[in-house]
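A.B. asks: Dropping the sequence and predicted coords here.
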Amino acid sequence: MNTQRSSELFAKAKELMPGGVNSPVRAFGSVGREPLYIAGSHGDRITDTDGNEYIDYVCSWGPDILGHAHPAVIGAVKRACENGLTFGACHEGEIVLAEKIQAHFPSMELIRLVSSGTEAVMSAVRAARGFTGRDRIVKFEGCYHGHSDGLLVKGGSGQLTGSVPDSAGVPAGSTENTLLARYNDADSVETLFGRFPEDIAAVIVEPCAANMGVVPPEAGFLQALRDITERYGALLIFDEVITGFRLSAGGAQELYGIKPDMTALGKIVGGGMPLAAYGGRREIMEQVAPLGAVYQAGTLSGNPIATAAGIAQITEIERTPDLYCELDRKAAVLEAAAVKAGLNVNRCGSLMTVFFTDKRVTDYGSALTADRAEYARFFGHLLDNGIYAAPSQFEAMFVSYAHSDEDIIKTAEIIAHYRKENRYGS
Ligand SMILES: *Cc1c(COP(=O)(O)O)cnc(C)c1O
């Protein structure tokens, strides 16, 4: 495959942007390749600047659940543009979108629209602290909640307290109130509450983890978090930035039947535009300015183009009754192919990860046993066969409604033909 134009653009980009990119994983660093420059997208395909076409399983990291350039979403955006790109003032689209979100996420009694998942989570945590008057939060190793200072902690070596920031430039003081627990290990949460029974404002969790590769919650885990937080008067925050409108129209909370106190949404809810949302119980959200003392604002929050895209996408989701069945069926075909090839797969609906380890992956520790070099080979095998998957072991493969049966079968065959080197285990 000729990718010369992409190479030239990447060389130029590196002179202008750190690592040539505007978000690190796009640099393809962990798979030993150079990034492709995308010229266009349609349905389940993306095309690079050299004219090569790929079946895409990144789907912009989730937003494109209906496929790329969906006509209903594009049409809504075009119409909205005619009226101006931003008002910095109230408009009806904000209400329509908030109503739609609430119809699917009834736990979000009051909703605030923002512009990124990072902002949604950061603001939800601030509101949780404002409401409870407590400073500490519990997060899980391997869960990603955006790049705000206080949440940039994964911790290593099973260290459960005294969190060390994951990034340079984050003062230790910014993460000293962030406690770490192990995913799928409710006892590790119980232990932290035992130590700090009156200090923990909230437990924040990806209800199906998808940022250490896909790690579904084991039976009883989310319910245990609900029980523990209630017992200690702390809030439960579901970061559904990936899972919202993905695992079901009502997200993981609908799928697993657990009602969190607060929820953060992003990705799908904006239809591909920079839009995210947070919300929760009315009494908590009443702490947010201008009603309450928790300050949070945004020049482009509730932007009319972004709300138009979100409304159109959710409307399309509502009009597609077989959406989640179809996503599940298609992803199951890919999963079966990987299993046939002897690969270790975690899947939750249309999110899946092939892990190059013999261990069952249930948390960050087991995810880290995966062989990244072997993943890089797998990634190269897919790419060289016209399949664009996540350029990192610790991300998900996303299936969209636009993936045709033909392309799914083609992908399944290519996966099934992968011969692993099996350097990682027995
Ligand atoms: C993507 C993601 C975020 C951050 O959203 P951005 O829009 O990239 O800031 C937060 N939480 C989860 C679970 C995510 O997957």
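C.D. replies: Ah, there it is.
A.B. asks: what residues are up against residue 294?
C.D. replies: Shown in contact with residue 294 (Cβ atoms under 8 Å, 6 or more residues apart in numbering): 126, 127, 130, 131, 287, 288. From N, CA and C alone the C-beta is placed, and that goes for glycine too.
A.B. asks: If you could redo that for residue 267, that was the one I meant.
C.D. replies: 60, 61, 62, 63, 117, 241, 242, 244, 246, 276.
A.B. asks: same thing with residue 340?
C.D. replies: By Cβ under 8 Å, 6+ apart, the neighbours of residue 340 are residue 416.
A.B. asks: The nearest residue to residue 91 once chain neighbours are set aside: how many residues sit nearby?
C.D. replies: Spatial nearest neighbour of residue 91, chain neighbours left out: residue 304 (5.5 Å); criterion: Cβ to Cβ, 6 or more residues apart in numbering. Counted with other Cβ atoms under 10 Å, the neighbours of residue 304 add up to 21.
A.B. asks: Just give me the residue closest to the centre of this structure.
C.D. replies: residue 242 (3.2 Å; Cα atoms, centre = their mean).
A.B. asks: quick one: that one and residue 349 touch, right?
C.D. replies: No: taking contacts as Cβ atoms under 8 Å, residue 242 lies outside contact range of residue 349: 10.8 Å.
A.B. asks: how close does the residue nearest to the centre of the chain get to the ligand?
C.D. replies: As judged by Cβ to the nearest ligand atom, to the nearest Å, residue 242 and the ligand stand 4 Å apart.
A.B. asks: Any stretches of the stretch 1-150 of the chain with poor pLDDT?
C.D. replies: Counting by pLDDT under 70, the stretch 1-150 of the chain contains no low-confidence residues.
A.B. asks: Residue of it closest to the ligand, please.
C.D. replies: Scanning the stretch 1-150 of the chain for the residue nearest the ligand gives residue 117, at 2.1 Å (criterion: Cβ to the nearest ligand atom).
A.B. asks: distance of that residue from residue 146?
C.D. replies: 5 Å (Cβ to Cβ, to the nearest Å).
A.B. asks: who touches both of those two?
C.D. replies: Both residue 117 and residue 146 are in contact with residue 241, where contact means Cβ under 8 Å, 6+ apart.
A.B. asks: neighbour-wise, which of these two wins?
C.D. replies: Neighbour count, other Cβ under 10 Å: between residue 117 and residue 146, residue 117 has more, with 30 against 19.
A.B. asks: Excluding covalently adjacent residues, which one is nearest to the more buried one?
C.D. replies: Nearest residue to residue 117 in three dimensions, chain neighbours excluded: residue 266, at 3.2 Å (Cβ to Cβ, 6+ apart).
A.B. asks: Ok, residue 296 next?
C.D. replies: Sequence neighbours aside, residue 123 is the residue nearest to residue 296 in space, at 4.6 Å (criterion: Cβ to Cβ, 6+ apart).
A.B. asks: helix, strand or coil for that neighbour?
C.D. replies: Of the three states, residue 123 takes helix under DSSP: H, G, I helix; E, B strand; the rest coil.
A.B. asks: count of neighbours near it?
C.D. replies: Residue 123 has 24 nearby residues by other Cβ under 10 Å.
A.B. asks: ok so, going back, my guess is the residue of the stretch 1-150 of the chain closest to the ligand meets residue 276, correct?
C.D. replies: Yes: counting by Cβ under 8 Å, residue 276 is a contact partner of residue 117 at 5.0 Å.
A.B. asks: which residues do the two both contact?
C.D. replies: Contacts common to residue 117 and residue 276, judged by Cβ under 8 Å, 6+ apart, are 241, 264, 265, 266, 267.
A.B. asks: Out of those residues, the closest to residue 363 would be?
C.D. replies: Nearest to residue 363, judged by Cβ to Cβ, of the shared contacts of residue 117 and residue 276 is residue 241 at 19.9 Å.
A.B. asks: hang on, the closest one is in a strand, isn't it?
C.D. replies: No: the assignment for residue 241, made by three-state DSSP, is coil rather than a strand.
A.B. asks: ok, now which ones touch it?
C.D. replies: 117, 120, 121, 146, 264, 265, 266, 267, 276.
A.B. asks: can you check residue 398 too?
C.D. replies: Contact analysis of residue 398 by Cβ under 8 Å, 6+ apart lists 57, 58, 59, 61, 62, 64, 65, 350, 351.
A.B. asks: try it again with 6 Å
C.D. replies: 57, 59, 62 (Cβ atoms under 6 Å, 6 or more residues apart in numbering).
A.B. asks: Most neighbours among the residues you listed, which one?
C.D. replies: The residue in the contacts of residue 398 with the most neighbours, by other Cβ under 10 Å, is residue 59 (27 neighbours).
A.B. asks: wait, isn't that residue in contact with residue 400?
C.D. replies: Yes: Residue 59 sits in contact with residue 400 when judged by Cβ atoms under 6 Å, with a separation of 5.1 Å.
A.B. asks: Which positions in the stretch 151-300 of the chain make contact with the ligand?
C.D. replies: On the criterion Cβ under 6 Å from any ligand atom, the ligand has as its neighbours in the stretch 151-300 of the chain the residues 206, 211, 239, 241, 242, 266, 276.
A.B. asks: circling back to that earlier point, of all the shared contacts of residue 117 and residue 276, which comes closest to the ligand?
C.D. replies: Proximity of the shared contacts of residue 117 and residue 276 to the ligand (Cβ to the nearest ligand atom) peaks at residue 241, which lies at 3.6 Å.
A.B. asks: could the contacts of residue 241 go into a markdown table alongside secondary structure?
C.D. replies: What follows is those, written out as a markdown table (three-state DSSP):
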| residue | secondary structure |
| --- | --- |
| 117 | helix |
| 120 | helix |
| 121 | helix |
| 146 | coil |
| 264 | strand |
| 265 | strand |
| 266 | coil |
| 267 | helix |
| 276 | strand |
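A.B. asks: ranges for the helices of the stretch 301-426 of the chain?
C.D. replies: 304-318, 323-340, 364-367, 372-384, 405-416 (DSSP state H, counting those that start in this stretch).
A.B. asks: Contacts for the strand or helix carrying residue 226 next, please.
C.D. replies: Using DSSP states H and E, residue 226 falls within helix 221-232. Identification of contacts with helix 221-232 by Cβ under 6 Å, 6+ apart yields 184, 186, 189, 190, 193, 197, 203, 207, 236, 256, 258.
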